[in-house]
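Student: Just a sequence and a predicted model for now, questions to come.
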Amino acid sequence: MRLRTNALAPRFAIAAAGAIVLGSISVAASLPAAAAPGDLAVTKTADGGPGSLRDAVAQANAGGPASVTITLPAGTYDLTVCGVDDLNAAGDLDLTTATPVTFEGVGAAAAVIVHQTCVGDRVLDDHGSGPLTVRNVTVTGGSLRSEASAGAARGGGVRTAAGLNLDHASIVGNTATGAAGDATVIDGAAALGGGAYVGGDLQADSATIANNTATAGHGQGDPTVGSGGAAEGGGAFVAGAVTVTGGSISQNAVVAGAGGTSATTPGAGGAGRGGGLAQAAGASATLEVTDTTIAGNHVTGGDAGAATVDIGFGGPAVPPAGAASGGGVAGVGAVTLTGVSGRDNTALGGSAGATPCSSVACLMGATAGAGRGGAVAGAAAVTVGE
């Protein structure tokens, strides 16, 4: 008896991995795409545990891949595990790896929000040497406060040791507040970058930097009087080059610290600069802004401290109030603005101290701080084009 093959039965053979030959038809098997080695997917909005944003950051810190991308689906990621920590266990999200890391939201930035709920802490702190990229994500709610002994408050929302790339991202509603002077450190602490402190270059593409504030601390009063702290970069403070294309820098503010009050020798007010954005003093890099709205940013210099008694003839000089510069943008190298829409940016020097004095020298010395560059200020050439 001879076995016969059923003519109606399909004949198939495995032609190759991932494909099946059915009769004369080749059908590709539907196999899920393998994740790249550096891809980390966040699967829940809760703060902590497997699948959380904090856990993804911890995995990125463990090292391995040449770069890491952390993807976040739409939702609000409230950071609720509070505490003082630089190892990502609590408070802000701490990146300690030298590997470049990207936070990438799935969808528009408005749909992916990383929100700090812990008072006195920022949102993201990148201690590593690799650049940080934030794409389609909103960073908000940071409220960094420095202690006098800790120096300046750097980056209310984000702080990076290296560069920061913002791609259709938003840095909004963050604050950096410098501590007031005290008996140990008499001068008020500076505030640098209400929204972001960038230790390297800043590149922003269609980003929004808005409603951030940098407020410096006031000086200590009698018996040992200090000066007010400087405040710079309400939206962002940048140590390197700045390239901004599209988007907006709006409604950010800088408030410098007031001088300390004294019976006879009050302190000077701190200087304020760069309501929207400021480059660090001494930086030689350029600042270029193209097709961007810069609007409603403000700088206020620190008020001079008040004396409580009449200084009289031969008394000490009245301290100056703090100057203000670059209500919108303050650069230190060449500044180039092309196709920029700018309006309602202001730079207002601090007020002279309320000092009762009878000498002419005293009266003449009690002056307000200078205001310079309501829209833009630069130490080198400033170029404005269509």
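Tutor: Nice, I can see it.

Student: Please count neighbours and contacts with C-alpha atoms only from this point.
Tutor: OK.

Student: quick one, helices of the stretch 51-200 of the chain?
Tutor: Listed in chain order, the helices of the stretch 51-200 of the chain (DSSP state H, counting those that start in this stretch) span 53-61.

Student: what bits of it have low per-residue confidence?
Tutor: Applying pLDDT under 70 to the stretch 51-200 of the chain flags the ranges 149.

Student: Go again with 80.
Tutor: 107-109, 147-150 (pLDDT under 80).

Student: what does the stretch 201-350 of the chain give?
Tutor: Applying pLDDT under 80 to the stretch 201-350 of the chain flags residues 263-264, 282-284, 307-319.

Student: Tell me how many other residues surround the closest residue to Ala263 other than its chain neighbours.
Tutor: For Ala263, ignoring the flanking residues on the chain, the nearest one in space by C-alpha to C-alpha, 6 or more residues apart in numbering is Thr308 at 4.6 Å. Thr308: 16 surrounding residues under other C-alpha atoms under 10 Å.

Student: now Thr308: how far from Glu104?
Tutor: 55 Å (C-alpha to C-alpha, to the nearest Å).

Student: ditto for Phe237
Tutor: From Phe237 to Glu104 the distance is 23 Å (C-alpha to C-alpha).

Student: and these two? which has more neighbours close in?
Tutor: A direct count of neighbours by other C-alpha under 10 Å for Phe237 and Glu104 places Phe237 higher, at 33 against 21.

Student: Could you list everything that one pairs with in the sheet?
Tutor: Here Phe237 sits in beta bridges with Tyr197, Ala278, going by DSSP bridges.

Student: repeat for Phe103
Tutor: Beta-bridge partners of Phe103, as defined by DSSP bridges: Ile70, Val134.

Student: Burial check on it, number of neighbours?
Tutor: 21.

Student: Surely the residue nearest to Ala263 and Thr264 touch.
Tutor: Yes: Thr308 lies in contact with Thr264 (C-alpha atoms under 8 Å); the separation is 6.7 Å.

Student: which residues do these two both contact?
Tutor: Residues touching both Thr308 and Thr264 (C-alpha atoms under 8 Å, 6 or more residues apart in numbering): none.

Student: pretty sure Thr383 is in contact with Gly333, am I right?
Tutor: No: in this structure, Thr383 is not within contact of Gly333 by C-alpha under 8 Å, at 11.3 Å.

Student: Compare these two (neighbour count), which wins?
Tutor: Gly333 (20 against 12).

Student: quick one: secondary structure of the more buried one?
Tutor: coil (DSSP: H, G, I helix; E, B strand; the rest coil).

Student: where's it relative to Ala90, distance?
Tutor: Counting by C-alpha to C-alpha, the gap from Gly333 to Ala90 is 39 Å.

Student: Pick out the residue closest to the middle of the chain.
Tutor: For the chain, the residue nearest the mean C-alpha position is Ala196 (0.8 Å; C-alpha atoms, centre = their mean).

Student: Quickly note the distance from that one to Ala46.
Tutor: Distance from Ala196 to Ala46, by C-alpha to C-alpha: 24 Å.

Student: ditto for Ile70
Tutor: With the distance defined as C-alpha to C-alpha, Ile70 ends up 16 Å from Ala46.

Student: Who has more neighbours out of these two?
Tutor: More neighbours surround Ile70 than the other of Ile70 and Ala46, with 20 against 17 (other C-alpha under 10 Å).

Student: residues contacting the more buried one?
Tutor: Residues near Ile70 by C-alpha under 8 Å, 6+ apart: Asp39, Leu40, Ala41, Val42, Ala56, Val57, Val101, Thr102, Phe103, Glu104.
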